[in-house]
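Chemist: Got a predicted structure here, sequence first:
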Amino acid sequence: MGLYRDLPIENVVRRLDLVLPGEDGEPQTVGKGAICTARARVGAEPLRTLFGVTAERWGLESADRYRWHGLVVLGGDGVTLRVPDSPENREEFHLPGSARRSAGYPQIRGVGLMDLRSRKLVDFDFADCKTGELTLAGPLLARVPDHSVSVLDRLYVDYCLLHGIRSLGERRHWLLRARKNLKWKVIQRLGRGDDLVEVTISYAARRKHPELPKTFLARVIRYHRKGFRRRTLLTSLLDPKQYPAAEIADLYCERWELELAYDEIKTHTLDREEAIRSKTPDGVRQEVWGLLIAYNLVRHEMECVALERGVAPRRISFLYSLRVIRDVFYWAAMASPGSLPKMVKRMRLDVGKLLLPERRTDRRYPRHVKIKMSGYLRNDGHPA
């Protein structure tokens with residue numbers, strides 16, 4: 001379901017030859033109701049376990065390959081995903097607020113931890129849309145590996161969260177944008193637009209979390225890139241010689257890789273559909289984990305091709321790779337087991353044929369909205 005979003009589920013089962021043959025050895029047909037029953041028997045937990053095992057193996061293996069100054073580069077951010085508008089999903093996942101009274105679909109809120117160099121998910125969790133992003137992010141960031149730097153958005157300026165990243169392991173750093181209202185005391189000028197500062201933690205925060213110190217040291221870096229607004233970064237990378245300010249600014253720009261990865265999941269893997277398929281909460285959970293496994297599988301094959309070609313994984317086209325892998329699964333269902341290694345080799349050759357150009361560093365045109373939102377009233381579908 002994660003790979004073949006454009007096909008009915010019964011067609012996927014038939015085309016991939018997933019039904020065991022009958023007693024006479026002839027292929028059997030299966031109805032849609034039987035597929036739903038079989039999915040319910042499997043449940044979501046085996047898919048969650050499979051995602052955890054593959055994500056940790058593939059993601060951390062890639063992160064170790066593309067270290068920055070000896071640190072694993074991870075990115076953390078939230079994402080929302082629409083689910084079908086059924087009464088069960090409304091009750092379980094809720095409708096988020098909207099300028100038009102409420103959204104059209106129930107939504108889940110997820111938080112992912114990703115290796116930014118290969119765009120593989122290392123960890124993920126999700127809940128209903130009323131669960132806060134930081135609530136989901138806390139356990140994920142507590143599990144980041146040692147000798148790492150987590151690149152985060154300004155929403156994650158949470159003293160308890162940042163303290164947990166540093167204190168629960170060895171050389172676990174963080175890098176994020178500073179909020180406009182954040183105040184600090186400059187301790188030392190390290191360079192132009194580069195200061196060592198002392199941030200005071202409020203009494204209310206320390207009363208709620210007694211383990212927090214009264215103050216902590218951080219580094220403030222101000223920079224400006226052509227075509228973008230001026231930015232102020234806050235980081236625990238305090239050594240200006242080991243971690244130059246210009247390289248830290250370039251590193252923060254890699255956070256956008258996580259946004260691009262979420263776009264690949266929503267736009268390409270889900271084929272721009274409004275919502276995923278499952279109309280029950282258990283089906284939604286199972287489908288989401290399957291979708292993330294499928295995404296990581298495609299990314300894993302892309303990195304294998306990138307290593308063979310000697311290029312960065314970001315230069316392999318995700319959409320083209322997704323289409324090639326879909327075709328291979330079709331033919332693999334009808335091929336003999338002995339021919340599968342040749343098919344995988346041919347698949348990687350096909351994926352490597354389309355190399356994307358090097359990423360440009362400067363914006364050529366200003367940002368503008370190209371298409372205005374629709375002025376039509378929203379169709380509720382259900383009574384409020």
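Modeler: Yes, it's here. Source: prediction; values computed, not measured. Residues are numbered from 1 along each chain as shown.

Chemist: following the helix or strand harbouring Ala204, which helix or strand comes up?
Modeler: According to DSSP states H and E, Ala204 maps onto helix 203-208. Next in sequence after helix 203-208, counting helices and strands by DSSP H and E, comes strand 215-223.

Chemist: Where does the prediction get shaky in the stretch 51-200 of the chain?
Modeler: 99-101 (pLDDT under 70).

Chemist: where exactly do the strands run in it?
Modeler: Taking DSSP state E, counting those that start in this stretch to define them, one finds strands in the stretch 51-200 of the chain at 72-82, 97-98, 101-102, 107-115, 120-128, 148-152, 172-177, 185-191, 194-200.

Chemist: can you redo those strands as TSV with mean neighbour count and distance to His300?
Modeler: In this view, the C-beta of every residue, glycine as well, is placed from N, C-alpha and C. What follows is the strands of the stretch 51-200 of the chain, written out as TSV (neighbours: other C-beta atoms under 10 Å; distance: least, C-beta to C-beta, whole Å):
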stretch	mean neighbour count	distance to His300
strand 72-82	23	17
strand 97-98	10	37
strand 101-102	12	39
strand 107-115	24	11
strand 120-128	21	7
strand 148-152	27	20
strand 172-177	22	25
strand 185-191	12	40
strand 194-200	17	38
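
Chemist: In TSV, list these along with distance to Gly227.
Modeler: Shown next, in TSV, are the strands of the stretch 51-200 of the chain (distance: least, C-beta to C-beta, whole Å):
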stretch	distance to Gly227
strand 72-82	22
strand 97-98	31
strand 101-102	37
strand 107-115	25
strand 120-128	29
strand 148-152	20
strand 172-177	17
strand 185-191	24
strand 194-200	22
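
Chemist: Show the contacting residues for the residue nearest to the spatial centre of the chain.
Modeler: Centroid-nearest residue in the chain: Gly112, 4.5 Å away (criterion: C-alpha atoms, centre = their mean). Shown in contact with Gly112 (C-beta atoms under 8 Å, 6 or more residues apart in numbering): Gly76, Asp77, Gly78, Val79, Leu121, Asp123, Phe124, Leu140, Leu258, Ala261, Tyr262.

Chemist: which one of the residues you listed sits closest to Ile316?
Modeler: Ala261 (13.2 Å; C-beta to C-beta).

Chemist: Against Arg255, how distant is that closest one?
Modeler: Relative to Arg255, Ala261 is positioned 11 Å away (C-beta to C-beta, to the nearest Å).
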